[in-house]
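1. Just to be clear, the model below is a prediction. Sequence and coordinates:
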2 protein chains.
Amino acid sequence: MTEEQQLDRRDWIAGLEKGLKVIEAFNDAHPRLTPSTAARRTGITRTAARRYLLTLEHLGYVQTDGTHFWLTPRILRLGWSYFDSAKVPRAVQPFLQRISMELGGSAFFAVLDEDEVVFVARNGNGRVQSLGFVLGARIAANLASAGIVLLACRPPEEVGRWLEGRKFVPYTPHSMTNVDDVRAVIQAARGNGYCILEQQLEQGRRGIAVPVRTRAGEVVGAISVSLSIGNETTQQALSRTLPVLREAEHALLALL
Amino acid sequence: MTEEQQLDRRDWIAGLEKGLKVIEAFNDAHPRLTPSTAARRTGITRTAARRYLLTLEHLGYVQTDGTHFWLTPRILRLGWSYFDSAKVPRAVQPFLQRISMELGGSAFFAVLDEDEVVFVARNGNGRVQSLGFVLGARIAANLASAGIVLLACRPPEEVGRWLEGRKFVPYTPHSMTNVDDVRAVIQAARGNGYCILEQQLEQGRRGIAVPVRTRAGEVVGAISVSLSIGNETTQQALSRTLPVLREAEHALLALL
DNA sequence: TTCGATTGCGCGACAATCGCGCAGCGCGCA
DNA sequence: TGCGCGCTGCGCGATTGTCGCGCAATCGAA
């Protein structure tokens, strides 16, 4: 999104970038990779891809049967380093717990990463979490109330560029696919200081989110709550949930 | 644990190992690193550590204020590659859901990574999850029923070596610290095909675990359930939970 | 069998990575 | 105040680690 200054050329470790690319080349559609397929997916040479896979295998991050390679849970140690070191997600945890208890839904803490919103903390009696909303999950920012409210905190011109020529893949029949609709929602969130989204990601559910700031005014993430719509009106849901979220927002302001 | 053959010398990407080491150098006690501290913690040169941090920053995996560096949620994409590609954790998810509903606790799916047990799937109305039992969490294998039952599936001589000279750090006053106690529990699990552990990790809680195998007999992980002890006896808990776990075990056998 | 695409591996060459060493800076203590 | 320790970024020359070509063997489908 933001274009960093080119590169320092001599302070650049090519091997690290390629290795991480190889790790990220594994996904749902490609749970097992051969050196050739890994090379195609990462854009590096077959010989090189093989070397990286062999190195990862030696380190215990992947396993192999000789030709195919697949990731091992060792990979999770990397993400764990983040959860272990990131203080904000842990600071908000008790607040999420109280929110989900008081409001009867799942509460999340989310941050923005490029054009995706990443859920880094959560608490809730996830009855309907069959798909497993795991930590570290990420979706396009426009599909979650937390994503919208975080976008609303960025400089408007940056968001403008972000919206340019973006394709929105709908998750439900109600998902916004129009740029103008998304822009309007972001502007509303910017004015209100909260965002409410209904049935964008999942049918019959609505999400309400508020930003979380430090005393210095820096936005560090957003708290959101996911509720079953039932036969509660939008207004009813708002007046019931917003005070609770706002209270957490202010309490967090004091200790961040 | 298992010593792999030395190394292929020419198929070895040193930069990748160092980069991953740098990422894992971040943790609770060291949420922010300077080049010097990172160098000390990883055993590489200060100059090199700085290069790796700069590279990671350019890739978006870390951020910096100029001197200190800290991890960004981008790191979670790596662990996500695992969750995305690992089919077994997703296959067991619906079973975990049913188990936790039927038994009224939290259900987990765990695998072994060296001497730790890693929880890679979970489902449960985690009332008491204040500390946040997040996915990817890992603890010493002897502290969780899933860990014991997985150890029991390994070759006995390997487990024997594993136990040699191991230090057990207690989590509760009931945690086993004696090698012989742990060995006995593992042997019992090997004989019974399940493991029950009480108050090893958390006061007032017990865990019961069974291994999960493919039709080929390969052990791919363990299903465990964590229950509040209340005033239920061990026998009562076993006769209530084991049939449910066993049913899941067999159902999974059919589709793995 | 034959074909096409895969695999592992050796090799020579280049450049990417290395760590030393310098100079500047911030901070704590005498 | 001023000394001094430990940190910082950075330039440089050397070497070693990484590159990708090209070969031969292998696999699987037609």
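-> Noted; the coordinates are in hand.
2. check contacts around the residue of the stretch 51-200 of chain A found nearest chain B.
-> Closest contact between the stretch 51-200 of chain A and chain B, by Cβ to the nearest Cβ, is at residue A:79 (3.1 Å). Backbone N, C-alpha and C define where each C-beta goes, glycine included. Residues near residue A:79 by Cβ atoms under 8 Å, 6 or more residues apart in numbering or on different chains: A:136, B:75-76, B:78-80, B:136.
3. how about it, secondary structure?
-> Under DSSP: H, G, I helix; E, B strand; the rest coil, the three-state class of residue A:79 is helix.
4. Please name the nearest non-neighbouring residue to it.
-> Nearest residue to residue A:79, sequence neighbours excluded (Cβ to Cβ, 6 or more residues apart in numbering or on different chains): residue B:79, at 3.1 Å.
5. Pull up the residues of chain A that are close to DNA strand C.
-> Residues of chain A found near DNA strand C (Cβ under 7 Å from any atom of the strand) are A:10, A:12-15, A:34-37, A:46-47, A:50, A:66-67.
6. distance of residue A:212 from DNA strand C?
-> 28 Å (Cβ to the nearest atom of the strand, to the nearest Å).
7. average model confidence for the helix or strand encompassing that residue?
-> According to DSSP states H and E, residue A:212 maps onto strand A:205-213. Per-residue pLDDT over strand A:205-213 has a mean of 96.
8. The helix or strand just after that strand packs against which elements?
-> Per DSSP H and E, the first helix or strand lying C-terminal to strand A:205-213 is strand A:219-228. Where contact means 3 or more Cβ pairs under 8 Å, 6 or more residues apart in numbering or on different chains; DSSP states H and E, strand A:219-228 is packed against helix A:87-103, strand A:106-113, helix A:145-152, strand A:205-213, helix A:234-255.
9. what lines up beside strand A:219-228 in the sheet?
-> Strands adjacent to strand A:219-228 in the sheet, as given by DSSP bridges, are strand A:106-113 (antiparallel), strand A:205-213 (antiparallel).
10. who's in contact with residue A:140?
-> A:115-117, A:147, A:168-169.
11. Quick check, pLDDT for it.
-> If you check residue A:140, the pLDDT there is 93.
12. Residue A:8 now?
-> pLDDT for residue A:8: 66.
13. go on, residue A:165?
-> pLDDT, read off for residue A:165, is 81.
14. How about residue A:5?
-> At residue A:5, the model reports a pLDDT of 45.
15. now the one 10 residues further on
-> The confidence metric pLDDT takes the value 93 at residue A:15.
16. okay, now it: neighbour count?
-> 20 (other Cβ atoms under 10 Å in any protein chain shown).
17. so who does it touch?
-> Listed by Cβ under 8 Å, 6+ apart, the contact set of residue A:15 reads A:52, B:13-16, B:19.
18. Emit the ChimeraX select command for whichever of those residues are buried.
-> Selecting only the buried entries of the contacts of residue A:15 in ChimeraX, with 16 or more other Cβ atoms under 10 Å in any protein chain shown as the criterion:
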select /A:52 /B:13,15,16,19
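19. quick check, nearest of the contacts of residue A:15 to residue A:105?
-> Nearest to residue A:105 among these is residue B:19, at 39.5 Å by Cβ to Cβ.
20. pLDDT value on that closest one, please?
-> Predicted confidence (pLDDT) for residue B:19: 95.
21. Show me the shaky parts of chain A.
-> Along chain A, segments meeting pLDDT under 70 span A:1-8, A:124-134.
22. Spell out which residues make up each domain of it.
-> A:14-77, A:86-255 (automatic domain parsing).
23. on that earlier part again, the residues of chain A next to DNA strand C in helices, which ones?
-> Members of the residues of chain A next to DNA strand C lying in helices (criterion: DSSP state H): A:14-15, A:35-37, A:46-47, A:50.
24. ok, these vs residue B:232, which is closest?
-> Ranked by distance to residue B:232 (Cβ to Cβ), those are led by residue A:37 at 51.1 Å.
25. Most proximal residue of chain A with respect to DNA strand D?
-> Relative to DNA strand D, the nearest point of chain A is residue A:45 (3.3 Å; Cβ to the nearest atom of the strand).
26. Hmm, that residue is touching residue A:36, no?
-> No. Between residue A:45 and residue A:36 there is no contact under Cβ atoms under 8 Å: 10.3 Å.
27. residues from the stretch 151-256 of chain A in reach of DNA strand D?
-> Counting by Cβ under 7 Å from any atom of the strand, the stretch 151-256 of chain A has no residue next to DNA strand D.
28. which of the residues in stretch A:57-68 are buried?
-> A:57-62, A:64.
29. In CSV, list the helices and strands packed on strand A:219-228 along with mean neighbour count.
-> Listed next are these as CSV, based on neighbours: other Cβ atoms under 10 Å in any protein chain shown:
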stretch, mean neighbour count
helix A:87-103, 19
strand A:106-113, 26
helix A:145-152, 29
strand A:205-213, 24
helix A:234-255, 15
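30. Make CSV out of the ones you listed and add distance to residue A:24.
-> Compiled in CSV, these are given as follows (distance: least, Cβ to Cβ, whole Å):
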stretch, distance to residue A:24
helix A:87-103, 22
strand A:106-113, 13
helix A:145-152, 21
strand A:205-213, 27
helix A:234-255, 32
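31. Quick one: neighbours of the residue in the stretch 101-250 of chain A positioned nearest to DNA strand C, just the number.
-> Nearest to DNA strand C, among the residues of the stretch 101-250 of chain A, is residue A:216, at 18.1 Å (Cβ to the nearest atom of the strand). By other Cβ under 10 Å, 7 other residues sit near residue A:216.
32. Look up how far residue A:253 lies from it.
-> In this view, residue A:216 and residue A:253 are 10 Å apart by Cβ to Cβ, to the nearest Å.
33. ok, now residue A:178?
-> From residue A:178 over to residue A:253 the distance is 35 Å, taken as Cβ to Cβ.
34. for residue A:113, same thing?
-> From residue A:113 across to residue A:253, the span is 23 Å (Cβ to Cβ).
35. What of residue A:40?
-> Residue A:40 is 48 Å from residue A:253, by Cβ to Cβ.
36. nearest residue to the closest residue to DNA strand C within the stretch 51-200 of chain A other than its sequence neighbours?
-> The nearest approach of the stretch 51-200 of chain A to DNA strand C comes at residue A:67, 4.8 Å away (Cβ to the nearest atom of the strand). Spatially, and ignoring its direct neighbours in sequence, residue A:67 is nearest to residue A:34 (5.6 Å; Cβ to Cβ, 6+ apart).
37. Please look at that neighbour and residue A:70 and confirm they touch.
-> No. Residue A:34 lies out of contact with residue A:70 (Cβ under 8 Å); the separation is 10.7 Å.
38. ok so, going back, out of the ones in helices among the residues of chain A next to DNA strand C, who has the most neighbours?
-> That'd be residue A:35 among these, by other Cβ under 10 Å, with 22 neighbours.
39. so what's the spatially closest residue to that residue that is not a sequence neighbour up against?
-> Nearest non-adjacent residue to residue A:35, counting by Cβ to Cβ, 6+ apart: residue A:50, 3.8 Å away. Residues in contact with residue A:50, defined by Cβ under 8 Å, 6+ apart, are A:35, A:38-39, B:11.
40. Kindly report the same for residue A:199.
-> Contact partners of residue A:199, counting by Cβ under 8 Å, 6+ apart, are A:172, A:174-175, A:205-206, A:229.
41. Now the residue of chain A most remote from its centre. Its backbone dihedrals?
-> Computed with Cα atoms, centre = their mean, the maximum C-alpha offset from the centroid of chain A is found at residue A:66, amounting to 34.8 Å. Note on residue A:66: its backbone torsions stand at phi 120, psi -50 [degrees, to the nearest 10].
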